[in-house]
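Novice: Fold the following and give me the result.
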Amino acid sequence: MANASTHSPAVRKTSRLHRLPLNNYLSTNTLSLTRLLTALPKLNNKDSRTMALSDSPMVTAMVQSAALGGLANVLAQVISAYRTGSEVSIDWVPVFQFLLFNLISTPPNFLWQEFLESTFPAYPPPPHPKKSDAPPPPPKLSIRNTAIKLVLDQTVGAALNTLLFSTFTHSLRAALHPAPRITNLFKAISFWTGQGTLDLTRVDFDTVWAASCEEFWPILIAGWKLWPAVSLINFSAVKTVQGRNLVGSLAGVVWGIYMSLLSAQ
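Specialist: This next block holds a predicted model:
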């Protein structure tokens, strides 16, 4: 009696597989392998873009500045409560306002610092010695470039930052009006992410601009009591733009407390 297994579908399928030409079998599997290898770089590129974004100096500066801006507003509310003798109760609405402002204002400031450093480098490369075998001298701090950057940063940069802060603050205050006082962090997050929180139709830009111009000089003059010293330290002692942004963010905590107290009035 013949073995029944020789007529089973699995055996017949295996037999047909063995009768297939070898080149067809190889071409089919080669095509599948090629598709797999083609897809891998796309996945790697996606992961690389994600990692590059997370490692971006500008993104790092934005996160640092936003966190320190929120901290400055919290400290300002604590100081205000201490002055008035009232109980400390953090209103999270202005905290998110300062956090959002720092997120928006950091990229142009980062690019501004990169422009200043690339145009007027603090340590320009020294001229190459006449003897080709002699090592080049170490770069020295350029007093001229440092002075130019300091003047530009405390005039053009300071003026633009002052106008940016004032127009943002008054516009947001009008768009949120009447802004509620929310002392619960999770309710504040729900408020900011809710639909209809911001209504730009409430903003009268002529009024915003008039208010910004009115407080322009007081804020600018107050800033000159702090930021020239910070800029001088940055331009003379800190060599990287990333490091300068970190120093600026730390000094910005002090400035943020002042601005928080000012905007709360």
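Novice: count of residues packed around residue 158?
Specialist: 18 (other C-beta atoms under 10 Å). (C-beta placed from N, C-alpha, C; glycine too.)
Novice: Number of residues surrounding residue 67?
Specialist: By other C-beta under 10 Å, 13 other residues sit near residue 67.
Novice: go on, residue 221?
Specialist: Other residues within reach of residue 221, judged by other C-beta under 10 Å, total 10.
Novice: Tell me the confidence at the residue nearest the centre of the chain?
Specialist: With distances taken as C-alpha atoms, centre = their mean, residue 62 lies nearest the centre of the chain, 2.3 Å away. Confidence at residue 62, expressed as pLDDT, is 93.
Novice: phi, psi of it?
Specialist: Main-chain dihedrals, residue 62, degrees, to the nearest 10: phi -60, psi -40.
Novice: Adjust the sequence numbering to begin at 2 for everything that follows.
Specialist: New numbering, starting at 2: the last item is residue 63.
Novice: mind listing what the residue nearest to it when sequence neighbours are not counted touches?
Specialist: Spatial nearest neighbour of residue 63, chain neighbours left out: residue 107 (4.5 Å); criterion: C-beta to C-beta, 6 or more residues apart in numbering. Neighbour list for residue 107: 59, 62-63, 66-67, 246 [criterion: C-beta atoms under 8 Å, 6 or more residues apart in numbering].
Novice: ok, so of the residues you listed, who is nearest residue 94?
Specialist: Among those, residue 67 lies closest to residue 94 (C-beta to C-beta), at 15.7 Å.
Novice: where's the closest one, which helix or strand?
Specialist: Element membership for residue 67, per DSSP states H and E: helix 58-85.
Novice: Same check on residue 192?
Specialist: Using DSSP H and E, residue 192 maps to helix 186-194.
Novice: what bits of the stretch 152-266 of the chain have low per-residue confidence?
Specialist: Scanning the stretch 152-266 of the chain with the threshold set as pLDDT under 70 gives 178, 266.
Novice: Residue 96 reaches residue 71, doesn't it?
Specialist: Yes: applying C-beta atoms under 8 Å, one finds residue 96 in contact with residue 71, separated by 5.0 Å.
Novice: What are the buried residues along stretch 63-81?
Specialist: Under the neighbour-count criterion of 16 or more other C-beta atoms under 10 Å, stretch 63-81 has 63, 65-67, 69-78 buried.
Novice: Now render these as CSV, adding distance to residue 143.
Specialist: Shown next, in CSV, are the buried residues of stretch 63-81 (distance: C-beta to C-beta, whole Å):
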residue, distance to residue 143
63, 29
65, 28
66, 28
67, 33
69, 30
70, 32
71, 37
72, 35
73, 33
74, 38
75, 40
76, 37
77, 38
78, 43
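Novice: farthest-separated two in the residues you listed?
Specialist: Greatest spatial distance in the buried residues of stretch 63-81: 63 and 78, 23.1 Å, computed using C-beta to C-beta.
Novice: The residue nearest to residue 257 when sequence neighbours are not counted: what's it in contact with?
Specialist: Nearest non-adjacent residue to residue 257, counting by C-beta to C-beta, 6+ apart: residue 73, 2.7 Å away. For residue 73, the contact set (C-beta under 8 Å, 6+ apart) comprises 99, 253-258, 260-261.
Novice: For the helix or strand harbouring the residue nearest to residue 63, give the mean pLDDT please.
Specialist: Using DSSP H and E, residue 107 sits in helix 93-120. Averaging pLDDT along helix 93-120 gives 93.
Novice: and the angle from that helix to helix 186-194?
Specialist: Inter-element angle recorded for helix 93-120 and helix 186-194: 60 degrees (by axes from the mean of the first three to the mean of the last three C-alpha atoms, to 10 degrees).
Novice: tell me which residues of the helix holding residue 192 are tucked away?
Specialist: 189, 192-193.
Novice: Neighbours of residue 214, how many?
Specialist: 12.
Novice: Look up how far residue 193 lies from it.
Specialist: Separation of residue 214 from residue 193 (C-beta to C-beta, to the nearest Å) stands at 29 Å.
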